[in-house]
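Chemist: attaching a predicted model along with its sequence, questions to come.
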Amino acid sequence: MEQIFPQEADHCRSEHESITRFRQLMPDITREIIDSCAEPDCFMHVGYEPIPSRDDAKRIIKVGMQILFPGYFAGKKIDPLNLTYRIGQLTTTLFDLITQQVVLSYRHDCFRYNKSCTSCASEGHEAALAFFRSIPDLKRMLADDVRAIRDGDPAAHSVDEIIFSYPGVYAISVYRMAHKLYELGVPILPRIMTEIAHSATGIDIHPGAQIGRRFAIDHGTGVVIGETCLVGENVRIYQGVTLGALSLPPGAGEHLKGKKRHPTIEDNAIIYSGATILGGETTIGKNCTIGGNVWLTESVPPDTKVFIETPELIYMDSNGAKK
């Protein structure tokens, strides 16, 4: 017969009392939580229509990457014999996913802003169809982006290495898909997609930003590109670059929705790590080079290099004496 020591018995008694008290209090606590859902300061989405799914947005990205770069992310062999079948299968899967999530995004907007929408389903199908028509051009744009990264990075041994492993390629790919949906007027889903890429790579590109061809992000961690940025062709940026907006006083954001708040970067510009460029009226001209850790809130004319003056460095020995 198993012997129960006094200390163990006390422990069991205490655990039993805690569970009993928990069961007694839970109905009241649950009621308080439910009641708090009706408070105006709390956010909820309770309705008969489901809301857009972050998990399905991840699936859209996963299948989309397999179509944009056939053979790289499929997890199955694609050869000349099964190419038609595999791409057809992936396209059907992606169409179903995007259509469903686009329709839910439209309906969510109707619910949130009390619109009287009667054509969410048809609008969703039309937007999904327009997105699919854009896929060949998206593939060409991304091929240009990959080439731009290869051409500017001696550490890149092959395009395969770039596509498989560079976070910039993933972030740009997701951005280009999301931007097309954004252009088509699809609410919420594009932002969910780019924030998924942001979480995975540390690269934050708003789907509303307009970015030209041959765009290269080197390393990428900490890059921020705001909603109203205009970025030209053949632009290269490095880690920690912010293309952002000037800070606003509380409540001012509503008045500036839809207005240009982020800078314009013209063709062939290079922006080195840690640079911060702010403001909707700020333009970095063609062929400019912006050095690391530069802070700019005013425009720079074309063919200009902007650097911080080399700081005075102090060298000391182990005893604290200057060398």
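Modeler: That came through fine. Numbering: from 1, shown residues only.

Chemist: got the buried residues for the host helix or strand of residue 198?
Modeler: Applying DSSP states H and E as the criterion places residue 198 in helix 189-201. The neighbour-count check on helix 189-201 (16 or more other CB atoms under 10 Å) flags 189, 190, 191, 192, 193, 194, 195, 196, 197, 198, 201 as buried. Any C-beta I mention is one placed from the backbone N, CA and C, and that applies to glycine too.

Chemist: correct me, but the third one touches residue 178?
Modeler: When you say that, I think you mean residue 191. Yes - taking contacts as CB atoms under 8 Å, residue 191 lies within contact range of residue 178: 7.5 Å.

Chemist: what touches both of those two?
Modeler: residue 207 (CB atoms under 8 Å, 6 or more residues apart in numbering).

Chemist: which is the next helix or strand following the host helix or strand of residue 33?
Modeler: Per DSSP H and E, residue 33 falls inside helix 6-36. Counting by DSSP H and E, the next helix or strand C-terminal to helix 6-36 is helix 54-68.

Chemist: just the CA atoms of that following helix, as CSV, please.
Modeler: This file holds the C-alpha atoms of helix 54-68, laid out as CSV (Å, rounded to 0.1, in the frame of the first residue of the first chain):
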residue,chain,number,x,y,z
ARG,A,54,-4.3,35.3,-41.4
ASP,A,55,-3.6,31.5,-41.8
ASP,A,56,-5.2,31.6,-45.3
ALA,A,57,-3.1,34.7,-46.1
LYS,A,58,0.0,32.6,-45.3
ARG,A,59,-1.3,29.9,-47.6
ILE,A,60,-1.8,32.5,-50.4
ILE,A,61,1.8,33.5,-50.0
LYS,A,62,3.1,30.0,-50.0
VAL,A,63,1.2,28.9,-53.1
GLY,A,64,1.8,32.2,-54.8
MET,A,65,5.6,31.8,-54.3
GLN,A,66,5.4,28.3,-56.0
ILE,A,67,3.7,29.9,-59.0
LEU,A,68,6.0,32.9,-59.2
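
Chemist: re the thing from before, give me the helices and strands touching the helix holding residue 198, please.
Modeler: If you count contacts as 3 or more CB pairs under 8 Å, 6 or more residues apart in numbering; DSSP states H and E, helix 189-201 packs onto helix 54-68, helix 83-112, helix 167-183, strand 204-205.

Chemist: now do the third one: distance to the chain's middle.
Modeler: By that I understand helix 167-183. Centre-to-centre, helix 167-183 and its host chain are 8 Å apart (CA atoms, centre = their mean, to the nearest Å).

Chemist: ok, back up a step: worst mean pLDDT among the helices and strands packed on helix 189-201?
Modeler: Out of the helices and strands packed on helix 189-201, helix 83-112 stands lowest, with a mean of 88 (criterion: mean pLDDT).

Chemist: right, I'll leave it there.
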